[in-house]
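Student: Here is my input, please return the structure:
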Amino acid sequence: MDESTLPRPGRVLAIGLDAAESTLVRRLIEAGEMPASKALLDRGSWSRLTSPTMFSSGSVWPNFSTGCQACDHGQYSIWNWDPAQMALAYTDESRLTPFWKSLSEDGVTVGVMDVPFAPFLGLPTGFEVHEWGSHSRVDGRVSTSPAGVTRDVSQFATHPFTDPLATVPVEPSEVGPFLDECIHGVRLRGDLAHRLITQEQPDLTLVVFEESHHAGHFLWHTVEPELPMYADLAPAALPERTLVDLYKEMDRQIGRLVEAAGPETTVMVFALHGMAPSRGLPPVLEPLLDGLGMTHVEERLDRRAVLAAVKERMPAVLRDLYRRSVPLARRSQWGKSKLLPAYDWSRTRAFALPIEQYGLVRINLSGRESQGIVPPEEYAPTCDTIEAALRELTTVDGRKVVQDVVRPPRGRHAAGLPDLVVHWSQAAFESPSCVDGVEIPNIRREQTGQHAWDGFCITSGPAAAAVSGDVVDGVDLHRYVLGALGR
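Tutor: Presented below is the predicted three-dimensional model:
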(Lines give C-alpha, C1' and ligand atoms only; values in the text may rest on other atoms or scores of the structure.)
Protein backbone atom coordinates (compact mmCIF):
# COMPACT_ATOMS: atom_id res chain seq x y z
CA MET A 1 0.00 0.00 0.00
CA ASP A 2 1.45 3.38 -1.07
CA GLU A 3 0.48 5.85 1.64
CA SER A 4 1.41 8.74 -0.65
CA THR A 5 -1.65 7.94 -2.76
CA LEU A 6 -4.04 8.36 0.14
CA PRO A 7 -6.45 11.30 0.09
CA ARG A 8 -7.40 13.13 3.26
CA PRO A 9 -8.80 10.85 5.99
CA GLY A 10 -12.32 9.67 5.17
CA ARG A 11 -15.02 7.29 6.22
CA VAL A 12 -15.05 3.58 5.44
CA LEU A 13 -17.94 1.16 5.00
CA ALA A 14 -16.71 -2.45 5.04
CA ILE A 15 -19.36 -5.07 4.25
CA GLY A 16 -18.44 -8.70 4.82
CA LEU A 17 -20.33 -11.40 2.91
CA ASP A 18 -19.31 -14.37 5.02
CA ALA A 19 -18.19 -17.36 2.91
CA ALA A 20 -19.79 -15.92 -0.23
CA GLU A 21 -18.27 -17.73 -3.21
CA SER A 22 -16.25 -15.34 -5.37
CA THR A 23 -16.89 -17.18 -8.64
CA LEU A 24 -20.65 -17.04 -8.09
CA VAL A 25 -20.54 -13.37 -7.12
CA ARG A 26 -18.50 -12.54 -10.22
CA ARG A 27 -20.86 -14.53 -12.43
CA LEU A 28 -23.91 -12.73 -11.04
CA ILE A 29 -22.24 -9.34 -11.41
CA GLU A 30 -21.40 -10.05 -15.04
CA ALA A 31 -24.98 -11.20 -15.65
CA GLY A 32 -26.34 -7.97 -14.18
CA GLU A 33 -27.99 -9.79 -11.27
CA MET A 34 -26.03 -7.98 -8.54
CA PRO A 35 -26.36 -4.38 -9.77
CA ALA A 36 -25.19 -2.65 -6.58
CA SER A 37 -21.98 -4.69 -6.53
CA LYS A 38 -21.54 -4.10 -10.26
CA ALA A 39 -21.81 -0.35 -9.75
CA LEU A 40 -19.10 -0.49 -7.10
CA LEU A 41 -16.86 -2.61 -9.31
CA ASP A 42 -17.37 -0.30 -12.29
CA ARG A 43 -16.05 2.57 -10.17
CA GLY A 44 -13.40 0.56 -8.35
CA SER A 45 -11.45 -2.69 -8.38
CA TRP A 46 -11.62 -6.43 -7.66
CA SER A 47 -8.97 -8.22 -5.59
CA ARG A 48 -8.57 -11.90 -4.81
CA LEU A 49 -8.32 -12.55 -1.06
CA THR A 50 -6.29 -15.44 0.29
CA SER A 51 -6.83 -16.93 3.72
CA PRO A 52 -5.79 -19.88 5.95
CA THR A 53 -8.88 -21.85 4.95
CA MET A 54 -6.62 -24.69 3.86
CA PHE A 55 -6.17 -25.69 7.49
CA SER A 56 -9.00 -23.97 9.34
CA SER A 57 -12.03 -21.95 8.34
CA GLY A 58 -12.34 -20.89 11.99
CA SER A 59 -9.16 -18.82 11.65
CA VAL A 60 -10.11 -16.53 8.79
CA TRP A 61 -12.05 -13.93 10.77
CA PRO A 62 -9.61 -13.83 13.73
CA ASN A 63 -6.82 -13.36 11.17
CA PHE A 64 -8.66 -10.35 9.78
CA SER A 65 -9.66 -8.78 13.09
CA THR A 66 -6.28 -9.25 14.84
CA GLY A 67 -3.90 -8.98 11.88
CA CYS A 68 -2.18 -12.18 13.04
CA GLN A 69 -1.89 -15.67 11.60
CA ALA A 70 -3.60 -18.60 13.37
CA CYS A 71 -0.27 -19.86 14.68
CA ASP A 72 0.07 -16.55 16.52
CA HIS A 73 -3.50 -15.99 17.76
CA GLY A 74 -4.24 -19.71 18.33
CA GLN A 75 -7.89 -19.68 17.21
CA TYR A 76 -9.08 -22.31 14.73
CA SER A 77 -12.44 -23.54 16.01
CA ILE A 78 -15.16 -23.04 18.58
CA TRP A 79 -13.43 -25.94 20.31
CA ASN A 80 -9.65 -25.61 20.62
CA TRP A 81 -7.34 -28.27 22.03
CA ASP A 82 -5.82 -27.53 25.46
CA PRO A 83 -2.67 -29.70 25.83
CA ALA A 84 -2.30 -28.82 29.50
CA GLN A 85 -5.77 -30.14 30.40
CA MET A 86 -5.80 -32.89 27.73
CA ALA A 87 -9.25 -31.67 26.81
CA LEU A 88 -11.14 -29.46 24.43
CA ALA A 89 -11.48 -25.85 25.57
CA TYR A 90 -14.43 -23.70 24.54
CA THR A 91 -13.20 -20.69 22.63
CA ASP A 92 -12.53 -17.50 24.57
CA GLU A 93 -13.11 -14.55 22.26
CA SER A 94 -12.05 -12.08 24.94
CA ARG A 95 -8.37 -13.00 24.52
CA LEU A 96 -8.42 -11.65 20.94
CA THR A 97 -7.89 -7.92 20.36
CA PRO A 98 -9.58 -6.61 17.19
CA PHE A 99 -8.02 -3.71 15.32
CA TRP A 100 -11.02 -1.44 15.89
CA LYS A 101 -10.43 -1.42 19.66
CA SER A 102 -7.46 0.94 19.38
CA LEU A 103 -9.32 3.02 16.79
CA SER A 104 -12.17 3.59 19.21
CA GLU A 105 -9.73 4.44 22.00
CA ASP A 106 -8.14 7.02 19.68
CA GLY A 107 -11.47 8.75 19.10
CA VAL A 108 -12.52 7.12 15.82
CA THR A 109 -16.25 6.40 15.80
CA VAL A 110 -16.73 2.71 15.01
CA GLY A 111 -19.84 0.72 14.11
CA VAL A 112 -19.52 -3.08 14.21
CA MET A 113 -22.11 -5.76 13.58
CA ASP A 114 -21.57 -9.51 13.97
CA VAL A 115 -17.90 -10.01 13.10
CA PRO A 116 -17.39 -13.78 13.65
CA PHE A 117 -15.20 -14.78 16.61
CA ALA A 118 -14.62 -11.14 17.60
CA PRO A 119 -15.09 -10.20 21.27
CA PHE A 120 -17.75 -7.82 22.49
CA LEU A 121 -15.95 -4.65 23.60
CA GLY A 122 -18.77 -2.40 24.78
CA LEU A 123 -17.87 0.49 22.45
CA PRO A 124 -18.74 3.87 24.02
CA THR A 125 -19.66 5.54 20.71
CA GLY A 126 -20.91 4.45 17.31
CA PHE A 127 -22.59 1.06 17.56
CA GLU A 128 -21.69 -2.50 18.48
CA VAL A 129 -24.05 -5.41 17.82
CA HIS A 130 -22.69 -8.83 18.75
CA GLU A 131 -24.25 -12.23 17.95
CA TRP A 132 -27.50 -10.67 16.79
CA GLY A 133 -27.77 -13.16 13.92
CA SER A 134 -24.54 -15.13 13.86
CA HIS A 135 -23.66 -18.32 11.99
CA SER A 136 -21.33 -19.53 14.76
CA ARG A 137 -22.76 -18.53 18.12
CA VAL A 138 -20.19 -18.53 20.91
CA ASP A 139 -21.79 -16.57 23.76
CA GLY A 140 -25.30 -17.52 22.67
CA ARG A 141 -26.73 -14.12 23.59
CA VAL A 142 -27.07 -10.73 21.91
CA SER A 143 -24.82 -7.96 23.26
CA THR A 144 -25.08 -4.31 22.21
CA SER A 145 -23.65 -0.90 23.02
CA PRO A 146 -23.89 2.01 23.71
CA ALA A 147 -27.17 2.31 25.65
CA GLY A 148 -29.04 4.07 22.86
CA VAL A 149 -28.16 1.30 20.43
CA THR A 150 -29.28 -1.28 22.98
CA ARG A 151 -32.70 0.40 23.08
CA ASP A 152 -32.91 0.45 19.28
CA VAL A 153 -32.01 -3.22 18.93
CA SER A 154 -34.41 -4.27 21.71
CA GLN A 155 -37.27 -2.65 19.77
CA PHE A 156 -36.20 -4.21 16.47
CA ALA A 157 -37.43 -7.47 14.99
CA THR A 158 -35.57 -10.60 16.12
CA HIS A 159 -33.21 -12.24 13.67
CA PRO A 160 -34.24 -15.87 12.99
CA PHE A 161 -30.76 -17.17 13.93
CA THR A 162 -31.11 -15.71 17.43
CA ASP A 163 -33.79 -18.19 18.50
CA PRO A 164 -32.15 -20.86 20.74
CA LEU A 165 -34.34 -23.44 19.00
CA ALA A 166 -33.26 -22.41 15.49
CA THR A 167 -32.13 -25.43 13.49
CA VAL A 168 -30.55 -26.26 10.16
CA PRO A 169 -32.32 -28.44 7.58
CA VAL A 170 -32.02 -32.18 8.06
CA GLU A 171 -34.98 -33.32 5.97
CA PRO A 172 -35.44 -32.28 2.31
CA SER A 173 -38.74 -30.56 3.14
CA GLU A 174 -36.91 -28.24 5.54
CA VAL A 175 -34.55 -26.77 2.91
CA GLY A 176 -37.04 -24.29 1.43
CA PRO A 177 -38.22 -22.80 4.76
CA PHE A 178 -34.60 -22.61 5.93
CA LEU A 179 -33.65 -20.58 2.84
CA ASP A 180 -36.65 -18.30 3.43
CA GLU A 181 -35.42 -17.67 6.98
CA CYS A 182 -31.91 -16.88 5.76
CA ILE A 183 -33.18 -14.40 3.16
CA HIS A 184 -35.43 -12.82 5.80
CA GLY A 185 -32.36 -12.52 8.02
CA VAL A 186 -30.49 -10.69 5.25
CA ARG A 187 -33.33 -8.16 4.99
CA LEU A 188 -33.48 -7.65 8.74
CA ARG A 189 -29.72 -7.19 8.97
CA GLY A 190 -29.86 -4.63 6.18
CA ASP A 191 -32.70 -2.78 7.91
CA LEU A 192 -30.90 -2.64 11.27
CA ALA A 193 -27.54 -1.70 9.77
CA HIS A 194 -29.19 1.02 7.66
CA ARG A 195 -30.86 2.51 10.73
CA LEU A 196 -27.65 2.46 12.78
CA ILE A 197 -25.48 3.90 10.00
CA THR A 198 -27.99 6.68 9.38
CA GLN A 199 -28.27 7.53 13.09
CA GLU A 200 -24.66 7.18 14.21
CA GLN A 201 -22.69 8.05 11.02
CA PRO A 202 -19.53 6.16 12.16
CA ASP A 203 -16.10 6.86 10.70
CA LEU A 204 -15.70 3.09 10.25
CA THR A 205 -18.65 0.76 9.75
CA LEU A 206 -18.05 -2.98 9.62
CA VAL A 207 -21.14 -5.11 8.96
CA VAL A 208 -20.97 -8.85 8.27
CA PHE A 209 -23.81 -10.73 6.55
CA GLU A 210 -23.41 -14.20 8.05
CA GLU A 211 -26.47 -15.58 6.28
CA SER A 212 -24.42 -16.46 3.17
CA HIS A 213 -22.23 -18.74 5.29
CA HIS A 214 -25.13 -20.35 7.14
CA ALA A 215 -27.09 -20.97 3.94
CA GLY A 216 -24.10 -21.99 1.84
CA HIS A 217 -23.44 -25.14 3.84
CA PHE A 218 -26.96 -26.46 3.23
CA LEU A 219 -27.92 -24.94 -0.12
CA TRP A 220 -24.90 -25.20 -2.39
CA HIS A 221 -26.67 -28.01 -4.24
CA THR A 222 -29.15 -25.41 -5.51
CA VAL A 223 -26.25 -23.75 -7.36
CA GLU A 224 -24.83 -26.91 -8.96
CA PRO A 225 -27.69 -29.47 -8.81
CA GLU A 226 -26.24 -31.47 -11.72
CA LEU A 227 -23.21 -32.73 -9.75
CA PRO A 228 -23.10 -36.54 -9.20
CA MET A 229 -22.80 -36.14 -5.43
CA TYR A 230 -26.31 -34.62 -5.38
CA ALA A 231 -27.94 -37.27 -7.59
CA ASP A 232 -29.90 -38.90 -4.75
CA LEU A 233 -31.36 -35.69 -3.30
CA ALA A 234 -35.15 -35.66 -3.09
CA PRO A 235 -37.04 -33.10 -5.23
CA ALA A 236 -38.14 -31.33 -2.04
CA ALA A 237 -34.49 -30.41 -1.40
CA LEU A 238 -34.55 -28.23 -4.54
CA PRO A 239 -36.92 -25.35 -3.69
CA GLU A 240 -38.05 -22.79 -6.24
CA ARG A 241 -35.76 -20.17 -4.72
CA THR A 242 -32.04 -20.91 -4.57
CA LEU A 243 -28.87 -19.63 -2.95
CA VAL A 244 -28.62 -17.18 -5.85
CA ASP A 245 -31.73 -15.42 -4.49
CA LEU A 246 -29.97 -14.91 -1.17
CA TYR A 247 -26.96 -13.39 -2.95
CA LYS A 248 -29.30 -11.05 -4.84
CA GLU A 249 -30.91 -9.97 -1.58
CA MET A 250 -27.49 -9.26 -0.08
CA ASP A 251 -26.75 -7.10 -3.11
CA ARG A 252 -29.94 -5.10 -2.54
CA GLN A 253 -28.88 -4.46 1.04
CA ILE A 254 -25.38 -3.48 -0.09
CA GLY A 255 -26.95 -0.78 -2.26
CA ARG A 256 -28.98 0.56 0.66
CA LEU A 257 -25.99 0.67 3.01
CA VAL A 258 -23.77 2.37 0.44
CA GLU A 259 -26.43 5.03 -0.04
CA ALA A 260 -26.77 5.52 3.73
CA ALA A 261 -23.01 5.90 4.14
CA GLY A 262 -22.79 8.66 1.53
CA PRO A 263 -20.63 9.35 -1.54
CA GLU A 264 -17.61 10.49 0.49
CA THR A 265 -17.23 6.99 1.95
CA THR A 266 -14.77 4.37 0.73
CA VAL A 267 -16.64 1.08 0.36
CA MET A 268 -15.18 -2.41 0.67
CA VAL A 269 -17.37 -5.44 -0.03
CA PHE A 270 -15.47 -8.61 0.76
CA ALA A 271 -15.51 -12.31 1.59
CA LEU A 272 -12.52 -13.83 3.37
CA HIS A 273 -13.27 -17.28 1.97
CA GLY A 274 -15.84 -18.95 -0.26
CA MET A 275 -18.05 -22.00 -0.70
CA ALA A 276 -17.75 -25.18 -2.78
CA PRO A 277 -19.70 -28.43 -3.26
CA SER A 278 -19.56 -31.27 -0.75
CA ARG A 279 -21.80 -33.99 0.65
CA GLY A 280 -21.27 -34.51 4.34
CA LEU A 281 -18.00 -35.57 5.93
CA PRO A 282 -16.05 -38.86 5.79
CA PRO A 283 -15.56 -40.03 9.41
CA VAL A 284 -12.46 -42.09 8.67
CA LEU A 285 -9.86 -40.70 11.09
CA GLU A 286 -10.81 -42.58 14.24
CA PRO A 287 -10.99 -46.02 12.55
CA LEU A 288 -7.79 -45.34 10.61
CA LEU A 289 -5.83 -44.28 13.70
CA ASP A 290 -7.25 -47.24 15.60
CA GLY A 291 -6.11 -49.57 12.82
CA LEU A 292 -2.61 -48.10 13.02
CA GLY A 293 -2.54 -48.75 16.78
CA MET A 294 -2.30 -45.01 17.45
CA THR A 295 -5.38 -44.64 19.66
CA HIS A 296 -6.69 -46.56 22.64
CA VAL A 297 -9.99 -45.92 24.40
CA GLU A 298 -10.40 -46.62 28.11
CA GLU A 299 -12.04 -49.96 28.76
CA ARG A 300 -15.34 -48.66 30.04
CA LEU A 301 -18.56 -47.46 28.48
CA ASP A 302 -17.81 -44.54 26.20
CA ARG A 303 -19.18 -41.42 27.90
CA ARG A 304 -20.36 -40.14 24.52
CA ALA A 305 -22.76 -43.09 24.28
CA VAL A 306 -24.13 -42.42 27.79
CA LEU A 307 -24.80 -38.74 27.07
CA ALA A 308 -26.38 -39.51 23.73
CA ALA A 309 -28.71 -42.04 25.35
CA VAL A 310 -29.77 -39.61 28.09
CA LYS A 311 -30.44 -36.84 25.57
CA GLU A 312 -32.41 -39.18 23.31
CA ARG A 313 -34.72 -40.14 26.19
CA MET A 314 -35.32 -36.55 27.32
CA PRO A 315 -38.84 -35.33 26.39
CA ALA A 316 -38.82 -32.73 23.62
CA VAL A 317 -40.45 -30.09 25.84
CA LEU A 318 -37.63 -30.46 28.39
CA ARG A 319 -34.95 -30.33 25.67
CA ASP A 320 -36.45 -27.07 24.38
CA LEU A 321 -36.67 -25.60 27.89
CA TYR A 322 -33.03 -26.54 28.49
CA ARG A 323 -31.92 -24.83 25.27
CA ARG A 324 -33.92 -21.68 26.01
CA SER A 325 -32.93 -21.28 29.66
CA VAL A 326 -29.28 -22.41 29.84
CA PRO A 327 -26.68 -20.13 28.15
CA LEU A 328 -25.00 -21.61 25.08
CA ALA A 329 -21.50 -21.38 26.54
CA ARG A 330 -22.61 -23.32 29.65
CA ARG A 331 -24.42 -25.95 27.58
CA SER A 332 -21.33 -26.33 25.43
CA GLN A 333 -19.07 -26.86 28.44
CA TRP A 334 -21.43 -29.46 29.88
CA GLY A 335 -21.66 -31.26 26.55
CA LYS A 336 -18.01 -31.22 25.50
CA SER A 337 -17.33 -34.71 26.85
CA LYS A 338 -19.33 -36.21 23.99
CA LEU A 339 -16.98 -34.67 21.41
CA LEU A 340 -14.02 -36.98 22.13
CA PRO A 341 -13.82 -40.64 23.13
CA ALA A 342 -12.43 -41.44 26.58
CA TYR A 343 -8.86 -41.97 25.40
CA ASP A 344 -6.30 -43.87 27.43
CA TRP A 345 -3.56 -41.26 27.11
CA SER A 346 -0.87 -43.61 28.39
CA ARG A 347 -1.24 -45.64 25.18
CA THR A 348 -2.56 -43.06 22.67
CA ARG A 349 0.05 -41.68 20.26
CA ALA A 350 -2.29 -39.70 18.01
CA PHE A 351 -5.99 -38.84 17.99
CA ALA A 352 -8.62 -37.07 15.92
CA LEU A 353 -9.97 -33.68 16.95
CA PRO A 354 -13.68 -32.97 16.29
CA ILE A 355 -14.33 -32.84 12.57
CA GLU A 356 -15.82 -29.63 11.13
CA GLN A 357 -14.81 -29.74 7.48
CA TYR A 358 -11.31 -31.11 7.24
CA GLY A 359 -9.94 -34.00 9.24
CA LEU A 360 -7.79 -32.84 12.16
CA VAL A 361 -5.11 -35.04 13.74
CA ARG A 362 -3.18 -34.26 16.91
CA ILE A 363 0.01 -36.02 18.06
CA ASN A 364 0.19 -36.82 21.79
CA LEU A 365 3.63 -35.23 22.02
CA SER A 366 5.81 -35.53 25.10
CA GLY A 367 6.76 -32.12 26.46
CA ARG A 368 3.77 -30.43 24.83
CA GLU A 369 0.80 -32.52 25.95
CA SER A 370 0.68 -32.91 29.73
CA GLN A 371 0.23 -36.66 29.22
CA GLY A 372 2.23 -36.90 26.01
CA ILE A 373 4.00 -40.16 25.16
CA VAL A 374 5.51 -39.55 21.70
CA PRO A 375 9.17 -38.44 22.05
CA PRO A 376 10.06 -35.29 20.07
CA GLU A 377 12.39 -37.26 17.81
CA GLU A 378 9.45 -39.50 16.82
CA TYR A 379 7.09 -36.61 16.04
CA ALA A 380 7.93 -36.27 12.34
CA PRO A 381 8.02 -40.05 11.67
CA THR A 382 4.65 -40.42 13.41
CA CYS A 383 3.16 -37.69 11.22
CA ASP A 384 4.70 -39.35 8.16
CA THR A 385 3.17 -42.72 9.03
CA ILE A 386 -0.31 -41.26 9.47
CA GLU A 387 -0.05 -39.16 6.32
CA ALA A 388 1.05 -42.15 4.25
CA ALA A 389 -1.92 -44.20 5.51
CA LEU A 390 -4.31 -41.34 4.77
CA ARG A 391 -3.06 -40.98 1.23
CA GLU A 392 -3.70 -44.69 0.63
CA LEU A 393 -7.37 -44.52 1.63
CA THR A 394 -9.84 -45.21 -1.17
CA THR A 395 -13.56 -45.12 -1.70
CA VAL A 396 -15.48 -48.34 -2.29
CA ASP A 397 -15.10 -47.77 -6.03
CA GLY A 398 -11.32 -47.39 -5.76
CA ARG A 399 -10.83 -43.61 -5.89
CA LYS A 400 -8.63 -41.63 -3.51
CA VAL A 401 -10.36 -40.28 -0.40
CA VAL A 402 -7.70 -37.71 0.48
CA GLN A 403 -6.73 -34.81 -1.76
CA ASP A 404 -3.97 -33.43 0.46
CA VAL A 405 -2.53 -33.44 3.97
CA VAL A 406 -1.38 -30.08 5.33
CA ARG A 407 0.87 -29.37 8.31
CA PRO A 408 -0.03 -25.94 9.77
CA PRO A 409 2.78 -23.46 10.46
CA ARG A 410 3.92 -23.17 14.04
CA GLY A 411 4.04 -19.96 16.07
CA ARG A 412 3.89 -18.54 19.57
CA HIS A 413 0.26 -19.63 20.07
CA ALA A 414 0.35 -22.83 18.02
CA ALA A 415 0.30 -25.18 21.01
CA GLY A 416 -3.35 -26.10 20.46
CA LEU A 417 -3.38 -26.30 16.66
CA PRO A 418 -3.79 -29.65 14.87
CA ASP A 419 -0.62 -31.30 13.58
CA LEU A 420 -2.18 -32.69 10.41
CA VAL A 421 -5.10 -31.28 8.43
CA VAL A 422 -6.76 -33.63 5.94
CA HIS A 423 -8.41 -32.30 2.78
CA TRP A 424 -10.97 -34.61 1.19
CA SER A 425 -11.18 -35.36 -2.51
CA GLN A 426 -14.39 -34.87 -4.47
CA ALA A 427 -14.66 -38.67 -4.69
CA ALA A 428 -15.03 -38.75 -0.89
CA PHE A 429 -18.34 -36.91 -1.29
CA GLU A 430 -19.60 -39.20 -4.05
CA SER A 431 -18.85 -42.68 -2.64
CA PRO A 432 -18.40 -44.19 0.84
CA SER A 433 -14.85 -44.56 2.11
CA CYS A 434 -13.26 -47.87 2.99
CA VAL A 435 -10.99 -48.44 6.02
CA ASP A 436 -9.49 -51.91 6.55
CA GLY A 437 -12.15 -53.40 4.29
CA VAL A 438 -15.03 -51.75 6.15
CA GLU A 439 -17.35 -49.40 4.25
CA ILE A 440 -17.83 -46.10 6.09
CA PRO A 441 -20.61 -43.83 4.79
CA ASN A 442 -20.38 -40.08 5.22
CA ILE A 443 -22.02 -38.34 8.13
CA ARG A 444 -24.02 -35.06 7.94
CA ARG A 445 -24.95 -35.63 4.30
CA GLU A 446 -27.48 -32.81 4.56
CA GLN A 447 -24.47 -30.47 4.30
CA THR A 448 -23.98 -29.79 0.60
CA GLY A 449 -21.41 -26.99 0.79
CA GLN A 450 -17.92 -26.67 2.23
CA HIS A 451 -15.49 -23.77 2.62
CA ALA A 452 -13.41 -22.77 -0.38
CA TRP A 453 -10.02 -21.14 -0.04
CA ASP A 454 -10.26 -17.89 -1.96
CA GLY A 455 -12.30 -14.81 -1.18
CA PHE A 456 -12.61 -11.43 -2.87
CA CYS A 457 -12.74 -7.71 -2.19
CA ILE A 458 -14.48 -5.02 -4.23
CA THR A 459 -13.19 -1.56 -3.35
CA SER A 460 -14.74 1.72 -4.47
CA GLY A 461 -14.73 5.33 -3.37
CA PRO A 462 -12.29 8.11 -2.49
CA ALA A 463 -9.48 5.86 -1.21
CA ALA A 464 -10.08 2.92 -3.57
CA ALA A 465 -6.78 3.41 -5.41
CA ALA A 466 -4.85 2.97 -2.19
CA VAL A 467 -6.56 -0.23 -1.08
CA SER A 468 -6.59 -2.15 -4.34
CA GLY A 469 -4.35 -5.03 -5.38
CA ASP A 470 -4.60 -8.13 -7.53
CA VAL A 471 -4.06 -10.45 -4.54
CA VAL A 472 -4.50 -9.51 -0.88
CA ASP A 473 -3.82 -11.71 2.15
CA GLY A 474 -6.82 -11.67 4.47
CA VAL A 475 -4.50 -11.05 7.42
CA ASP A 476 -3.51 -7.73 5.80
CA LEU A 477 -6.99 -6.55 4.84
CA HIS A 478 -7.48 -4.51 8.01
CA ARG A 479 -4.37 -2.50 7.10
CA TYR A 480 -6.12 -1.39 3.92
CA VAL A 481 -9.09 -0.36 6.05
CA LEU A 482 -6.78 1.69 8.25
CA GLY A 483 -5.18 3.21 5.18
CA ALA A 484 -8.54 4.29 3.83
CA LEU A 485 -9.23 5.93 7.19
CA GLY A 486 -5.92 7.77 6.91
CA ARG A 487 -4.45 5.94 9.89
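Student: ok, longest helix in this structure?
Tutor: helix 175-200 (DSSP state H).
Student: Packing partners of that helix?
Tutor: Packing partners of helix 175-200 (3 or more Cβ pairs under 8 Å, 6 or more residues apart in numbering; DSSP states H and E): strand 110-113, strand 127-130, helix 147-154, strand 204-209, helix 211-219, helix 243-261. Any C-beta I mention is one placed from the backbone N, CA and C, and that applies to glycine too.
Student: if you set the cut-off to 6 Å instead, what comes out?
Tutor: strand 204-209, helix 211-219, helix 243-261 (3 or more Cβ pairs under 6 Å, 6 or more residues apart in numbering; DSSP states H and E).
Student: Output the ones you listed as CSV; include the columns mean neighbour count and mean pLDDT.
Tutor: Below are these laid out as CSV (neighbours: other Cβ atoms under 10 Å; pLDDT from 0 to 100):
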stretch, mean neighbour count, mean pLDDT
strand 204-209, 26, 98
helix 211-219, 27, 96
helix 243-261, 21, 99
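Student: Nearest to G372 among the ones you listed would be which one?
Tutor: helix 211-219 (34.6 Å; Cβ to Cβ).
Student: Tell me what angle the closest one forms with helix 243-261.
Tutor: Orientation check (axes from the mean of the first three to the mean of the last three Cα atoms, to 10 degrees): helix 211-219 against helix 243-261 gives 180 degrees.
Student: So H213 versus E30, what's the distance?
Tutor: 23 Å (Cβ to Cβ, to the nearest Å).
Student: if we can go back for a sec, and the helices and strands packed on helix 175-200: which comes nearest S45?
Tutor: With respect to S45, and counting by Cβ to Cβ, the nearest of these is helix 243-261 at 15.7 Å.
Student: Where does pLDDT dip in the stretch 101-250 of the chain?
Tutor: 164-165 (pLDDT under 70).
Student: hmm, try it at 80
Tutor: The stretch 101-250 of the chain contains residues with pLDDT under 80 at 135-140, 163-166.
Student: pretty sure T242 contacts W220?
Tutor: No - contact criterion Cβ atoms under 6 Å: T242 and W220 do not qualify, at 9.9 Å.
Student: And the two? Which one has more around it.
Tutor: Comparing T242 with W220 by other Cβ atoms under 10 Å, the one with more neighbours is W220, at 26 against 18.
Student: Excluding chain neighbours, what is closest to that one?
Tutor: G449 (3.1 Å; Cβ to Cβ, 6 or more residues apart in numbering).
Student: Tell me the bridge partners for the one you found.
Tutor: P277 (DSSP bridges).
Student: And it, how close does it get to S57?
Tutor: 12 Å.
Student: and W132, what is it in contact with?
Tutor: 114, 142, 159 (Cβ atoms under 6 Å, 6 or more residues apart in numbering).
Student: Mind checking what secondary structure it has?
Tutor: coil (DSSP: H, G, I helix; E, B strand; the rest coil).
Student: any chance of the contacts of W132 in CSV, plus distance to D82 and neighbour count?
Tutor: As requested, these are exported to CSV (distance: Cβ to Cβ, whole Å; neighbours: other Cβ atoms under 10 Å):
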residue, distance to D82, neighbour count
D114, 27, 24
V142, 28, 20
H159, 32, 25
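Student: Adding distance to L40, write these out as JSON lines.
Tutor: Output for the contacts of W132, formatted as JSON lines (distance: Cβ to Cβ, whole Å):
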{"residue": "D114", "distance to L40": "21"}
{"residue": "V142", "distance to L40": "30"}
{"residue": "H159", "distance to L40": "25"}
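Student: Look up the closest residue to L353, ignoring the ones flanking it.
Tutor: L360 (3.9 Å).
Student: any idea of the pLDDT on that neighbour?
Tutor: Predicted confidence (pLDDT) for L360: 93.
Student: That one - that's part of a helix, no?
Tutor: No - using three-state DSSP, the assignment for L360 is strand, not a helix.
Student: List the beta-bridge partners for it.
Tutor: Taking DSSP bridges as the rule, L360 bridges to L353, V421.
Student: Can you get me a residue count around it?
Tutor: L360: 24 neighbours (other Cβ under 10 Å).
Student: Noted, bye for now.
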